[in-house]
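> I need the structure of the sequence given here:
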Amino acid sequence: MKIQGNWDAGYVLDLHVESSDFIGYDEFGHAQYDTKRTKLGELVYRLKYNHDTSVVDDIVGLIRGFAPFTTIDAIIPVPPSNISRPFQPVVEIAERVGKSLGIQVLTSAVKKTRNTPELKNVSTAQEKYDILKDVFKVADESIRGKTVLLLDDLYDTGATLRAITNAVYEQGGARKVKVLALTKTRRR
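Below you'll find the model as predicted:
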């Protein structure tokens with residue numbers, strides 16, 4: 001699926017969830033859902049929340065089967081929102097894709113300059129973008145004049161990718177920015 005933004009080209013490989021039906025509340029009063037994920041959505045979920053690294057090769061295979069990498073000079077994984085997580089799924093996927101295709105992966109080219117609230121709890125795209133405005137900083141000159149691919153695991157409103165794209169163009173001097181998200185929420 002194509003996604004529109006301030007980047008030159010953007011794609012999402014699949015939806016994250018096929019359906020999610022409310023089934024009631026647990027004993028602590030938390031809402032419970034019967035969620036059915038797409039094949040890729042399930043792989044991403046297993047990797048991100050269950051730390052199941054056995055799915056990385058399957059995810060990399062799906063990325064390799066799609067993306068037009070002949071025009072990419074470098075891959076930049078989107079900086080993680082939860083830096084305390086011992087395993088960073090997007091970084092691992094980017095490194096494996098880069099290695100398999102012989103494309104440079106710049107894991108520290110873009111840094112998050114301050115902590116932000118979890119965006120899944122923020123309702124509108126504009127509110128998310130306002131929170132993320134000026135949060136990302138390009139760390140060095142490594143992307144100047146290059147065509148870069150920003151890689152993310154989940155696309156919701158596009159606020160994170162828009163904010164990083166701005167930084168990569170304005171601070172980093174990238175020639176072109178392309179984005180690829182693995183999965184997309186249904187509501188957008």
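
> for the chain, which spans come out with low pLDDT?
Applying pLDDT under 70 to the chain flags residues 67-69, 82-83, 187-188.

> go again with 50.
In the predicted model of the chain, residues 188 satisfy pLDDT under 50.

> show the contacting residues for the residue nearest the centre of it.
Computing the C-alpha centroid of the chain and ranking residues by Cα atoms, centre = their mean puts Asp152 first, at 1.4 Å. The neighbourhood of Asp152, defined by Cβ atoms under 8 Å, 6 or more residues apart in numbering, consists of Pro77, Val78, Val90, Thr160, Leu161, Val179, Leu180, Ala181, Leu182. Where C-beta positions appear, they are placed from N, C-alpha and C, glycine not excepted.

> go on, Ala9?
With contacts defined as Cβ under 8 Å, 6+ apart, Ala9 is in contact with Lys2, Lys178, Val179.

> who touches stretch 45-59?
His16, Arg37, Leu40, Leu43, Val44, Phe87, Pro89, Glu92, Ile93, Arg96, Asp153, Leu182.

> of all these, which two lie farthest apart?
Put simply, by Cβ to Cβ the two of the contacts of stretch 45-59 set farthest apart are Arg37 and Arg96, 21.4 Å from each other.

> what's the closest of the contacts of Asp152 to Leu101?
The shortest distance between Leu101 and any of the contacts of Asp152, using Cβ to Cβ, involves Leu180 and amounts to 12.7 Å.

> give the contact list for the closest one.
Taking Cβ under 8 Å, 6+ apart, one finds Gly10, Tyr11, Val12, Leu13, Ile63, Phe66, Ala67, Leu149, Leu150, Leu151, Asp152 in contact with Leu180.
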